[in-house]
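J.: predicted model, plus sequence, below.
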Amino acid sequence: MSDTQDLFPTRLERKLGMFKRIDPVVYGDESQLANGPLNKSQIDAYERKGFLSFEGFFDADEMQVFLQELREYEDDADLKLSEGTILEPGREEIRTIFGIHDVSKRFQRLTQDPKLLAIVKQLLGSDVYIHQSRINYKPGFKGKGFEWHSDFETWHSEDGMPRMRALSCSIVLTDNGEFNGPLMLIPGSHQYFVPCVGRTPENNYKESLKSQEVGVPPASSLREIMLENDIEAPKGPAGSLVIFECNTMHGSNINMSCWPRSNLFFVYNSVENTLHDPYCGNRPRPEFLANRSDWEPLKPLNE
C-alpha cells in the first residue's frame, strides 16, 4: 500500500469516529529489542501506555548550562522577532522557541546523546533524524497551558508524515511538579486515531502556535479515552526524561505556581518515514516546524 494514500483522514467538514491504530508501536526487530538499553518490561510498558518516564536520566547540574543559555535568549531581541519564537499572548515573554537544535550547538549535540539515541532507535527500529525541536517555557503564575492533542494528527495533516513511526523526548530542564503545569498524557490513547473536524486554513501554524483551535480532538472522544485509561502526569527533578509515542494524547495546564517550568522537546522520526506533501492539501509548513531539508541519520556523539 502506497504511503501517499491517506490512511488517517482528518480535518474534514464532517465528523469521523475514532478508529484503532493500524501501525506498530514498537518497530525494532527481535535482535534490536534484545540488545538495546530498554528491557522487556520497559518496552512492554511503552507499547501498552504510549510513553515511558525516567527520573534523573540526565544529571541535574548538567541542565543548568542549558538553562543559562535560555536565560540569555530572553534578552535576544532578534530571536524574539524570529518566526520560530512564540511569545506569550499579550506579553513579551517567550512561550516557545522552535528549531532550538539549529539555534544552539549545545542543544544540537544533545540530540545526539548516545544514551538517548540508543533508546529512540531501539523503539523505532531504524536510523532517525530530527523532525522538530522546541523549548516550551511556563513562567510562574503566567505560563499558559496546551490543549489536548495528538502530535501525529498535526504532523500527518499539515506536514505529510505518512505513518506513526516517530516519538518525542521531553527533557525536564526545571523541576516538574504537581502545580507548575507538568506534561499530562492519556495512557493507551496512542492505540486510537482520533480525527478532528474542520478544514485547515492556509498558514494555520501562525495562529495554532499561539492558540490551537484546529486539530483539537472532539471532547466526546477524549472523554471516552480518559474514562477507559485515566490521565498521568510524570513528574521529576531537572534532568528527568519522558519519551512518548507520536500519537499519544497529551496536554498541560496553566502554571498557577511561582515555580517556572521549562521542558525541551526533540522529535525523532524514522528515516523510513520521511515526509510527503501535507495531506490537508496546503503548502508545507516552515522548516523550523517540519524538517524537510536534512534527513541524514543522526550519529551518536561518540562515533
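T.: The structure has been received and is ready for your questions. Since this is a predicted model, take the numbers as computed values, not measurements.

J.: which SSE is Tyr129 in?
T.: Using DSSP states H and E, Tyr129 sits in strand 128-138.

J.: what average pLDDT does that strand get?
T.: The predicted model assigns strand 128-138 a mean pLDDT of 95.

J.: same check, this time on stretch 87-97
T.: For stretch 87-97, mean pLDDT is 78.

J.: for the residue sitting nearest the centre point of the chain, give me its contacts.
T.: For the chain, the residue sitting closest to the mean C-alpha position, by Cα atoms, centre = their mean, is Ser168 at 4.3 Å. Taking Cβ atoms under 8 Å, 6 or more residues apart in numbering as the criterion, Ser168 is in contact with 151, 243-244, 246, 265-268. (Glycine included, C-beta is placed from N, CA and C.)

J.: take those residues and keep only those in strands.
T.: Counted as lying in strands by DSSP state E, out of the contacts of Ser168, are 243-244, 265-268.

J.: could you pull out the helices in the stretch 151-300 of the chain for me?
T.: Under the criterion DSSP state H, counting those that start in this stretch, the stretch 151-300 of the chain contains helices at 151-159, 205-208, 219-229.

J.: which one of these has the poorest average confidence?
T.: Minimum mean pLDDT among these: helix 205-208, a mean of 78.

J.: please, where are all the strands along the chain?
T.: Applying DSSP E to the chain gives strands spanning 19-20, 51-54, 85-87, 94-98, 128-138, 146-149, 166-172, 183-185, 192-193, 241-245, 250-252, 261-270.

J.: may I see those strands organised as JSON lines, with distance to Ala60 added?
T.: Formatted as JSON lines, the strands of the chain follow (distance: least, Cβ to Cβ, whole Å):
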{"stretch": "strand 19-20", "distance to Ala60": "40"}
{"stretch": "strand 51-54", "distance to Ala60": "13"}
{"stretch": "strand 85-87", "distance to Ala60": "26"}
{"stretch": "strand 94-98", "distance to Ala60": "22"}
{"stretch": "strand 128-138", "distance to Ala60": "17"}
{"stretch": "strand 146-149", "distance to Ala60": "25"}
{"stretch": "strand 166-172", "distance to Ala60": "9"}
{"stretch": "strand 183-185", "distance to Ala60": "18"}
{"stretch": "strand 192-193", "distance to Ala60": "36"}
{"stretch": "strand 241-245", "distance to Ala60": "12"}
{"stretch": "strand 250-252", "distance to Ala60": "21"}
{"stretch": "strand 261-270", "distance to Ala60": "13"}
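
J.: quick check: the gap between the residue nearest to the centre of the chain and Asn136.
T.: Ser168 is 11 Å from Asn136, where distance means Cβ to Cβ, to the nearest Å.
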